[in-house]
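below are the sequence and a predicted model for it; my questions follow.
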Amino acid sequence: MRKKLISAMLSALIILSLAGCGSGGAVEHATLDTEEAVTEEAATDGDSTDEKEDTASTGDVAEVASDGDVSNVLIYVAARDEYRDNDEGVRLYTKSYDELYIMDEQADSFPGIKKALESYNARNNENTEGDFDIDEMVGMAQEQYNSYDEESKQYFSGYYDESRASVVRFDENVISIVDSTSSFLGGAHGYYANVGHTYDVQTGEELKLTDVVGDIDALKDAALEVFSRDYSELASSETESTDLLAESFDDPDTINWSMGPTYLTLYYNPYDIASYASGMQVLNIRYEYYPNIFNKGYGEAEGDWIFETSTMMEDIDGDDSLDYINFNPRVEYNEDNTYSYYSGMDIEAGGQTFTHDYEYYAYKTYIVKRKGNFYLYLVTSEDNDYKILYIYKLSTDGIELLGQGETSFAVPNKTYENGDDYFVDYKGVFCNPDFFYVYKTMSLISTTGGVMPSHISEDGLVEPLQDYFDIPADFNLTSKIDVEGKLVDESGNVGDKTTIPANSNCKLYRSDNETYVDLKLDDGSIVRIEIDDSDYPHTVNGIDIEEAFEGIMFAG
């Protein structure tokens, strides 16, 4: 077995692994920043070469017909922030919400998913508008700001109305989305809530609770049982909460719910059945414990899944008993108490604990089930807004850090939009273990970002589905001199030598981030140039790249 050392740098998430582009041969997959990448034959794990080629590019994905198989589908989010500042540059109001989409080239093959996401976007956007407009909120915020003295004004954080989406289940049956909302629009305190939307993947229709549950009375009994177990103190201190919970089942259409891979969740937001101080009540109704409640086709997810959550009960060792999984970030304050940050993560799983120390400022946690094993995918925002992925294997025998590296979940050919009073960040939704894109910062010829289709391997790690990164940003260089290279086609097959004439516009097109960059010229031709980055400055054909190209920019 051939071994290859992987750089210990955080930026080296993926060492290029698939022998794609029609070259065949061995499949080498990365273990992030562990010590080696393991090479396997292409047919390993029962996958034929043809089967791997079917998922090797978005072009292939677009041709897949919808027959219930959603393993090649990518969902992405447009995270929108609209904001208003006053003449002093003080942020008065921010309105944030998410829109979800399927890739354009997949929409015709999966009309049900397209329809579901269009319905979600229309309904969610309507809910964010409410009974007021931005100008009214800006005026109210300015009025409050004006009422403060000069010292207090520096602490004014503005009004906000935020809604962020999590896809908590995505398979051949359903797509279930939870909006986590929070707002402050004046008054004594803000408000927060969870709102669930669940759709049939094949028809695109939003499901009612009665579509999923065949016996509402039995579901009510289950909810009361879970409530008395998980919220016993609340049931005792606010005795009317139990009655209000029971009454909510008088009209099932008003119940707020979502579907996860192993349980249906009921959300009772502040004031629904208890006081604001008591917070939100979340009731998880496990499918396997109440099998007769659910209609056929709506139960536990089959196969592998990804679930965005920070706590969960799952049987991680196959002994038919549930194991507690929980993640606790540790919060630290700077000496002046002017800001806080996270100093690490304490992980609990199956009676085991794991403490990991590192600094970060925001995070997302995902539980991944792959081939019967369970993993934690932790994505953190660290210095310079780098997104670092940490992968842990969860086991009752111990919790193991498998690897780490720079990445975020991406969308091919989309990055962000930045207007005068809005910002849109396009990100891939990490909800499908068989297909997602990762983003990586690259610095062969300039600092830019690359994206690569990937999936989760049988050993729980990120495994690329092609051997190069696409470069979605519109990043162009101009050749100062004639530059020799080789013609390549869209599939990456290398052809004859050629020359890029001086004064040519050269779009950064793709790269393996190790040895070459493909440049797309205005005539549509693609030319591969080899870059030597063993020393600084980097060179092409022995020439300083800044002598060969104009427009090169490196960060830092």
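Noted; the coordinates are in hand.

end to end, how far does stretch 394-402 reach?
End-to-end distance for stretch 394-402: 10 Å, by CA to CA, to the nearest Å.

pLDDT weak spots in the stretch 301-450 of the chain?
337 (pLDDT under 70).

repeat for the stretch 1-150 of the chain
The low-confidence ranges in the stretch 1-150 of the chain, as defined by pLDDT under 70, are 1-67, 124-132.

swap the cut-off to 90 and go again
Within the stretch 1-150 of the chain, the stretches with pLDDT under 90 are 1-69, 123-137.

next one: the stretch 151-300 of the chain
Applying pLDDT under 90 to the stretch 151-300 of the chain flags residues 151, 154-157, 185-189, 296-297.

quick one: the helices in it?
209-212, 216-230, 232-237, 240-247 (DSSP state H, counting those that start in this stretch).

how about those in CSV, adding distance to residue 453?
Just so you know, the C-beta spots here come from the backbone N, C-alpha and C atoms, and that holds for glycine as well. Output for these, formatted as CSV (distance: least, CB to CB, whole Å):
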stretch, distance to residue 453
helix 209-212, 32
helix 216-230, 40
helix 232-237, 46
helix 240-247, 45
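
of the ones you listed, which approaches residue 411 most closely?
helix 209-212 (30.2 Å; CB to CB).

could you list the buried residues of that closest one?
For helix 209-212, the buried set under the neighbour-count rule, 16 or more other CB atoms under 10 Å, comprises 209, 212.

what sits against the nearest residue to residue 311 once chain neighbours are set aside?
Spatial nearest neighbour of residue 311, chain neighbours left out: residue 326 (4.6 Å); criterion: CB to CB, 6 or more residues apart in numbering. In this structure, residue 326 makes contact with 310-312, 347-349, judged by CB atoms under 8 Å, 6 or more residues apart in numbering.

go on, residue 230?
residue 283.

for residue 336, find the nearest of the helices of the stretch 151-300 of the chain.
helix 232-237 (36.9 Å).

against which helices or strands is the closest one packed?
Here helix 232-237 touches helix 240-247, going by 3 or more CB pairs under 8 Å, 6 or more residues apart in numbering; DSSP states H and E.

and the helix it packs on, what does it pack onto?
helix 216-230, helix 232-237.

strands along the stretch 301-450 of the chain, start to end?
305-308, 311-314, 323-333, 340-349, 352-360, 362-370, 373-381, 387-394, 400-406, 408-410, 416-418, 422-428, 436-442, 448-456 (DSSP state E, counting those that start in this stretch).

convert the C-alpha atoms of the first one to PDB, please.
Once non-C-alpha atoms are left out, strand 305-308 reads as follows in PDB (Å, rounded to 0.1, in the frame of the first residue of the first chain):
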ATOM      1  CA  TRP A 305     -27.800  10.600   7.400                       C
ATOM      2  CA  ILE A 306     -26.600  14.000   8.700                       C
ATOM      3  CA  PHE A 307     -28.400  15.800  11.500                       C
ATOM      4  CA  GLU A 308     -27.500  19.400  12.600                       C
END
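
neighbouring strands - and their directions - for that strand?
Strand 305-308 pairs in its sheet with strand 362-370 (antiparallel), by DSSP bridges.

with the fourth one instead?
When sheet partners are counted by DSSP bridges, strand 340-349 sits next to strand 323-333 (antiparallel), strand 352-360 (antiparallel).

what's the angle from it to strand 373-381?
In terms of direction (axes from the mean of the first three to the mean of the last three CA atoms, to 10 degrees), strand 340-349 departs from strand 373-381 by 180 degrees.

and strand 340-349, what's buried?
Across strand 340-349, burial judged by 16+ other CB under 10 Å covers 342, 344-345, 347-349.

hang on, the earlier thing: select, out of the strands of the stretch 301-450 of the chain, the one closest to residue 538.
Among the strands of the stretch 301-450 of the chain, strand 436-442 sits nearest to residue 538 (CB to CB), with 11.9 Å.

which other residues reach the closest one?
11, 13-14, 74, 386-387, 406-412, 428, 430, 447-455, 462, 469, 471, 511, 513.

weed out the non-buried ones from the residues you listed.
11, 13-14, 74, 387, 406-412, 428, 430, 448-455, 462, 469, 471, 511, 513.

doesn't residue 481 belong to a helix?
No - assessed with DSSP: H, G, I helix; E, B strand; the rest coil, residue 481 is coil; it does not lie in a helix.

isn't it right up against residue 547?
Yes - here residue 481 lies in contact with residue 547, judged by CB atoms under 8 Å, at a distance of 7.3 Å.

count of neighbours near residue 145?
Counted with other CB atoms under 10 Å, residues neighbouring residue 145 total 17.

name the helix or strand for it, please.
In this assignment (DSSP states H and E), residue 145 forms part of helix 134-146.
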